[in-house]
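> I'll drop the sequence and a predicted model, then ask my questions.
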Amino acid sequence: MKGLIKSALNGMAVLAFSGGMAVSQEVEVLHWWTSGGEASALNVLKQDLEAKGIGWLDMPVAGGGGEQAMTVLRARVTAGDAPTAVQALGFDILDWGAQGALANLNDVAAAEGWDDVIPEALQYFAKYDGQWISAPVNVHSTNWVWANKAVLDANGIAIPETWEEFMAAIETLSAAGVTPVAQGGKPWQEATVFDAVAMSAGGPAFYKAAFIDLDEEALGSDTMKEAFDRMAFIRAHVDDNFSGRSWNLATAMVINGEAGFQMMGDWAKGEFLNAGKVPGEDFLCFRFPGTQNQVTFNADQFMMFDQGGVVSPEQAALASAILSPSFQSAFNVVKGSVPARTDVSDEAFDACGKQGMADLASASASGNLFGSMAHGHANQAAVRNAMYDVITAHFNGEYDSATAVEELVDAVSIAK
Ligand code: GAL
């Protein structure tokens, strides 16, 4: 007997029976994982759910960093048509939690012991008023550099340990006629670089004071001017066509040997892997010079929108699938991130992944783990966007470094 019973739940979960056998329920998932590497990782989740009898209604919104996705989400929620689940970052999750828009995941979290395996730094963003409101997928970090090994070898360049060595390596490539830095000219990408540049220029206390505490003295300091001066150096060593370039196309320039370095979060590694490249042979991963003891992190999480006061069965199943140790390993190996759970072996991870997991553990233990300003883990969106505006204006030559510092102080004081 064939029949289609439309579920009362949110209009999106459809129970389809074919031959009397329950085929699947569906989850509609809004996300911005649209690059090659991101799509490969997402397929791990889709296949995991399909094996559990849950179909996937894809709602991709292109645009790295997720700004466009959050705009579409606001429109969907305003129209009373929230997706089942949404990829989100840091303070954006807490903002939705504060609006009472998210389902309470406490039951599945308690049943599966999430409190024991998810680090405090992630729980801070996954809970509101002590309630679990999202399922942590991974931990990315932004203070990485990706390099084409053949290009560095051909120019006698070793992995730079300091900013000064990095500048010398960049100038060596420039003199050799190789594009030193592959960059996408978009605010979120320039801000991603700024995470590491600021940490490198001023160290962890400065980074925390400026981006997390919004301390006016730090924001307006000579150290901040030095950070902008370093951004100007980087700007002088990107190719002429950087403006508007998608981050994964910049990664492709390094993959193909058209450029030496990309300063980007470790989602870039997903692009190298998707292109069949091997760390240590085809490409090198290293912490942004001067930030080897710190990690600026951003965790992808899936918030589940309230379905009338209950967590729907498919939301609970999605949350459970995301937190399963096997998924946490399989997904993050492909994505370039590290597991959100602390009890997942690094056995399946390559050298860069193993370093990422070790760095996270040591930074967390030594108080050197900080939320990424660029990816919504240092402050709320209004402050982040105010910083984006100043950083991108400076990168595009509208401000010199001294003016950028003044504009940053003003912009943050208005936004916070
Ligand atoms: C980050 C996100 C990553 C990746 C990246 C590029 O915000 O955490 O998973 O999607 O943007 O789009």
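Okay, I see it.
> what about the residue of the chain found nearest the ligand, how many residues close to it?
Across the chain, the shortest distance to the ligand (Cβ to the nearest ligand atom) belongs to G64, at 3.3 Å. Yep, even glycine has a C-beta here, placed from its N, CA and C like the rest. Residues lying near G64 (other Cβ atoms under 10 Å) number 24.
> Please read off the pLDDT at it from the model.
pLDDT for G64: 93.
> Check C352 too.
We have a pLDDT of 98 for C352.
> nearest residue to the residue of the chain closest to the ligand other than its sequence neighbours?
What sits nearest to G64 in space, not counting adjacent residues and going by Cβ to Cβ, 6 or more residues apart in numbering, is W247, at 4.7 Å.
> which residues touch the one you found?
Contacts of W247 were listed using Cβ atoms under 8 Å, 6 or more residues apart in numbering, and they are S35, G64, G184, K186, Q189, M264, W267, A268.
> Assess the claim that the fourth one and G244 are in contact.
Yes. Taking Cβ atoms under 8 Å as the definition, K186 is a contact partner of G244 at 6.7 Å.
> returning to what we had before: these two touch, right, the residue of the chain closest to the ligand and W32?
Yes. The pair G64 and W32 qualifies as a contact (Cβ under 8 Å) at a distance of 6.9 Å.
> Report the backbone C-alpha coordinates of stretch 112-125 in PDB.
What follows is stretch 112-125 as a C-alpha-only set of coordinates in PDB (Å, rounded to 0.1, in the frame of the first residue of the first chain):
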ATOM      1  CA  GLU A 112      24.600  10.900  25.300                       C
ATOM      2  CA  GLY A 113      26.700  12.700  27.900                       C
ATOM      3  CA  TRP A 114      27.600  15.800  25.800                       C
ATOM      4  CA  ASP A 115      28.600  17.700  28.900                       C
ATOM      5  CA  ASP A 116      31.400  15.300  29.500                       C
ATOM      6  CA  VAL A 117      32.900  15.400  26.000                       C
ATOM      7  CA  ILE A 118      32.300  18.900  24.600                       C
ATOM      8  CA  PRO A 119      34.900  21.400  25.800                       C
ATOM      9  CA  GLU A 120      33.800  24.400  27.800                       C
ATOM     10  CA  ALA A 121      34.900  26.800  25.000                       C
ATOM     11  CA  LEU A 122      32.200  25.200  22.800                       C
ATOM     12  CA  GLN A 123      29.600  24.700  25.500                       C
ATOM     13  CA  TYR A 124      29.700  28.500  26.000                       C
ATOM     14  CA  PHE A 125      28.200  28.900  22.600                       C
END
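> Identify each buried residue in it, please.
Residues W114, V117, I118, P119, A121, L122, Q123, F125 are the ones in stretch 112-125 that count as buried (16 or more other Cβ atoms under 10 Å).
> Alongside the ligand, which residues does this protein contribute?
Contact residues (Cβ under 6 Å from any ligand atom) of the chain with the ligand: 32-33, 38, 64-66, 89, 140, 247, 267, 298, 300, 375.
> Kindly reformat these as CSV and extend each row with secondary structure.
Listed next are the residues of the chain next to the ligand as CSV, based on DSSP: H, G, I helix; E, B strand; the rest coil:
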residue, secondary structure
W32, coil
W33, coil
E38, helix
G64, helix
G65, helix
G66, helix
L89, strand
H140, strand
W247, helix
W267, coil
N298, strand
D300, strand
H375, coil
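> Just the buried ones from those, in ChimeraX syntax?
Burial among the residues of the chain next to the ligand is assessed by 16+ other Cβ under 10 Å; the matching ChimeraX selection reads:
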select :32,33,38,64,65,66,89,140,247,267,298,300,375
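> So this protein: which segments form each domain?
The record's domain parsing of the chain by automatic domain parsing lists 24-140+298-365, 142-296+373-415.
> Return the distance of the residue of the chain closest to the ligand relative to T192.
Remark: distance between G64 and T192 (Cβ to Cβ, to the nearest Å) = 9 Å.
> same check, this time on R235
When distance is defined by Cβ to Cβ, R235 is 14 Å away from T192.
> Looking at K186 and G244, which is more packed in?
K186 (22 against 9).
> ok, that one - contacts?
Contacts here follow Cβ under 8 Å, 6+ apart; on that basis K186 touches G64, G65, G244, R245, S246, W247, T392.
> The last one reaches E190, doesn't it?
To tie it back to what came earlier, the one meant is T392. Yes. Between T392 and E190 a contact is recorded at 5.2 Å, counting by Cβ under 8 Å.
> Looking at these two, which has the bigger crowd around it?
Taking other Cβ under 10 Å, T392 and E190 do not tie; E190 has more neighbours (25 against 18).
> ok, so what distance separates the nearest residue to the more buried one once chain neighbours are set aside from W33?
Residue nearest to E190 in three dimensions, not counting chain neighbours: F395, with 4.7 Å by Cβ to Cβ, 6+ apart. Separation of F395 from W33 (Cβ to Cβ) stands at 26 Å.
> again with H237
H237 sits 29 Å away from W33, going by Cβ to Cβ.
> Name the nearest of the buried residues of stretch 112-125 relative to A348.
Closest approach to A348 among the buried residues of stretch 112-125 (Cβ to Cβ): V117, at 17.4 Å.
> For the closest residue to the closest one other than its chain neighbours, which three-state class applies?
Once flanking residues are discounted, V117 sits nearest to R341: 4.6 Å by Cβ to Cβ, 6+ apart. What three-state DSSP gives for R341 is coil.
> gap between V137 and A150?
33 Å.
> Same question for R230.
In terms of Cβ to Cβ, R230 sits 27 Å off from A150.
> More neighbours: which of these two?
R230 (22 against 13).
> Now find how far off-centre the helix or strand containing that one is within its chain.
Using DSSP states H and E, R230 maps to helix 222-235. The chain centroid and the centroid of helix 222-235 are separated by 23 Å under Cα atoms, centre = their mean, to the nearest Å.
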